[in-house]
Every structure is written in C-alpha cells, then in structure tokens.
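Novice: Sequence first, then the predicted structure, then my questions.
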Amino acid sequence: MIALSKSARKSLDDYLRQARAYLRGSRTVDADEVEQNISEHIENALEGASEPVSCDELEAVLDKLGDPQQWVPEEELAWWRQLILRLQTGPEDWRLAYISFALFVAALVMASYTSTRVLVSLIFASFLASRAAISQTPDSKQLKAQKWLLYPPLIVVYGFMLGALLILPLLLLIPLAEQYETHFGRLQWELDYWFVAFSVMFAATGVWWGILALPVLIFGKKMTVLLRPFADAYRVKWPLVMLTIGLGVMIVSAIVGLVYYTYFT
Amino acid sequence: MALTGRWHCDIVGVMDDKFFDNWTNQVRKGMLELCILNEIRGQRMYGYEIVRRLRKIDGLIISEGAIYPILSRLKRQGFVETSIQESAEGPARKYYELTKQGRQMVSRMNDYWRSISTVTDSIEKG
C-alpha cells in the first residue's frame, strides 16, 4: 500500500466515497469491485512516486480517472438515483416542485404505516417546499405544469387550516358532548338538549365568521400572502360576503334556538 | 450585416460542436466495449494495463475510470472472468480474460463492426 500525505489521503477518501455513492445506484455494476479496481489503478499509477505521495500527484491521477458521474450512463442507474440526478441537474425552478411532490407522495404512501407526527412533518415539509417554489415565481400564472406538483400539499394544508378556522365554534360540541355524557351517563339522543346546543353553536359560528371577516376586510391585501397562490385573485367583496353569511347564520340560529327553547321545552 | 453574419456563424459553430460531441459520445460508448474485449482477446490483462493500452487510442477515453464499470458489467454478463495474481512490482493484480461466451460475442461484434465500416466507407466514396 503506497503511503499518501494527509491531504492526499483525505482527497482519495472523498473521491472513493463519491464513486461508491454513485455506483451504488447502478443496476449493472458491482460497486465494491469497481471501487477495488479504482484503488488498484491508483496504486499502479503512483508506482515509483516519492512517498508520501503529495495531493497534487494524486489529483493528477484522479483527474485522469474522471468524475464518477461520467462512468455509468444515466439509463443504467436505479430509478431513485436517476431521480436524484434530475434534481441535481434539472432546471432550477422544477427542483422544488419535484421535492414537494415526492414528500407529499411519501406521506400518502406511508400514511397507514407511520405515526401521525411523521405524517404531519412530511406534509408540512412538502407544504414549505411548495410555498418556497411559489415565492420564487412572481406571478402564479407562470407556474403552468408545475401546478400539478405544487398544489396538492397546499390544498391539503390550506383546506385543513381554513376548515378548522371556520368551524372552530362547532368543534366546541365535542367537549360539550363529553360533559353531557359525564353528567347524564351514557350518551343518548336527547332532542331538546342537542337542538338548543346546535342552535347556540351555529349562532356562535355566525358571530365567529363575522369576527374573522373584519381583519380580512381591514388587512385583506396583506393577508393574501398567507394563502398564496389561491388568494392572488382576492376581492374586497369576499370578507363582506363572509360577514353577511356569518350574520345571517347567527340571526337564524338564534331565532330558531330561542323559539324552540321558549315554546317546546 | 457582416457582424450579424459572424454571430450566425458562431452560433452555428457552437451547435455543430454540440452535435459532434453528442455523436462522438454515442460512438465512443459502444467502441470502448469493443476495444476492451479485443484487447483481452488474445491475452489476459489487469485493469491498469488495459487502461494504459487504450489510452494510446486518441479520443477513445475521456475518463479512465469509465473502463472499470464496463469491465464489471462484462463480468456480470459472463463475457469476462477474473483471477487474482500477486505482483512483484506492487499490489496484487486482478487479471481479466475472455470466457467462451465472451470470445463468441467479440467475434460477432467485430463482424458487425466490419460490415458497418464497409458500408459507411462505400457510402462516403459514393
């Protein structure tokens, strides 16, 4: 074994690591055998050199050996290696889209095998990659075909966030139901109780929508940044419609609840 | 006008170079396998020796390391086999030689190459 200087040893280790990593992705080549051949080649090429071999002398041999990425044609690589290559060498504006979609698909595939924490992390990472890609594009119309890769995680995360935000008061029914069960024993259908409870909750939801509509009305344009690219077409009438619906739901629910409570219980 | 003409020539020149590079890459890929098989046709050789001999053919090898994955693939396909032998000059060497299947394959490849070469020559001569 030929003696190498410290820097030459490091350089050789890096080169072999890179070669190994690249060749592992090949379906037609024995990576260990090639690595062994490369080491043998270097030994032979440096035969007669004064020891310890300097980094410059080693680099001259490595230069002739070439970049390991040139050794195996792309079509002979495993699919995952081809995918990584595409990410490394593909157009800049497509890389984040590929990453985002890959993370999203990974979340879907692993949904039934993994914990909620991992699932949420993957979806959130996919969401961030999509947002980063969209932030790079000044106009969402320029996204074109990338939309198919970028939008799925955005739709899931925004849908969940908006849904939770809009029906927040209705979610209070869950602790209410638990409380009811604690006080009155086994949960059963008590029409009077649930009719009034639903009326109150819907009225509260109406008020909540009214409250939500106000900051949107005041800071509308600034808030659209949070929901890019779907809120790019924001109009002032959106919060006004929300406010109107909220007030409508509140008034109808309150009236129905009060009438039922006064006359039927 | 002259300036525009020169730009046009430069652009066409770059495109021609790219086309030529792509074409030579494709030709080289197949030729390298044929040359390796022919090198070890008559005698067994170790990896570095094959590289040293092929290095002399101008334009055939861009990166010397590319020889080794090809040897590994040829071995997997059963066209070559290896044997280790100690060397007095340095590390133990891995020798490559053709198998029976490899000898048949290289004969077929040489025949094919000769026929292609003949046809392209006759086309070139008109």
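Specialist: The structure has been received and is ready for your questions.
Novice: Now the residue in chain B that chain A sits nearest to. Its backbone dihedrals?
Specialist: Of the residues in chain B, the one nearest chain A is B:Ser63, at a distance of 2.1 Å by Cβ to the nearest Cβ. Backbone N, C-alpha and C define where each C-beta goes, glycine included. The phi/psi pair for B:Ser63 (degrees, to the nearest 10) reads phi -130, psi 120.
Novice: okay, now it: neighbour count?
Specialist: 15 (other Cβ atoms under 10 Å in any protein chain shown).
Novice: Could I get the contacting residues of the closest residue to it other than its chain neighbours?
Specialist: Nearest residue to B:Ser63 in three dimensions, chain neighbours excluded: A:Gly66, at 2.1 Å (Cβ to Cβ, 6 or more residues apart in numbering or on different chains). Counting by Cβ atoms under 8 Å, 6 or more residues apart in numbering or on different chains, A:Gly66 makes contact with B:62-66.
Novice: Just the pLDDT at the residue of the stretch 1-150 of chain A found nearest chain B, thanks.
Specialist: Nearest to chain B, among the residues of the stretch 1-150 of chain A, is A:Gly66, at 2.1 Å (Cβ to the nearest Cβ). On pLDDT, A:Gly66 comes in at 91.
Novice: Helices along chain B, start to end?
Specialist: B:2-39, B:47-54, B:67-76, B:100-125 (DSSP state H).
Novice: Tabulate those helices in a markdown table, adding columns for mean pLDDT and mean neighbour count.
Specialist: Shown next, in a markdown table, are those (pLDDT from 0 to 100; neighbours: other Cβ atoms under 10 Å in any protein chain shown):
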| stretch | mean pLDDT | mean neighbour count |
| --- | --- | --- |
| helix B:2-39 | 77 | 12 |
| helix B:47-54 | 92 | 19 |
| helix B:67-76 | 93 | 22 |
| helix B:100-125 | 93 | 12 |
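Novice: of all the ones you listed, which lies closest to A:Val225?
Specialist: helix B:2-39 (42.7 Å; Cβ to Cβ).
Novice: Switch the helices of chain B over to a markdown table; also include distance to chain A.
Specialist: Formatted as a markdown table, the helices of chain B follow (distance: least, Cβ to the nearest Cβ, whole Å):
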| stretch | distance to chain A |
| --- | --- |
| helix B:2-39 | 7 |
| helix B:47-54 | 4 |
| helix B:67-76 | 4 |
| helix B:100-125 | 16 |
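Novice: hmm, back to that, distance-wise, check the residue of the stretch 1-150 of chain A closest to chain B relative to B:Ile62.
Specialist: Going from A:Gly66 to B:Ile62 by Cβ to Cβ, to the nearest Å gives 7 Å.
Novice: likewise A:Ser115?
Specialist: Separation of A:Ser115 from B:Ile62 (Cβ to Cβ): 49 Å.
Novice: More neighbours: these two, which one.
Specialist: B:Ile62 (14 against 9).
Novice: so the more buried one touches A:Gln70, yeah?
Specialist: Yes - if you go by Cβ atoms under 8 Å, B:Ile62 and A:Gln70 touch, sitting 6.7 Å apart.
Novice: Please name the nearest non-neighbouring residue to A:Val207.
Specialist: A:Met250 (5.2 Å).
Novice: wait, isn't the one you found in contact with A:Met201?
Specialist: No - contact criterion Cβ under 8 Å: A:Met250 and A:Met201 do not qualify, at 11.0 Å.
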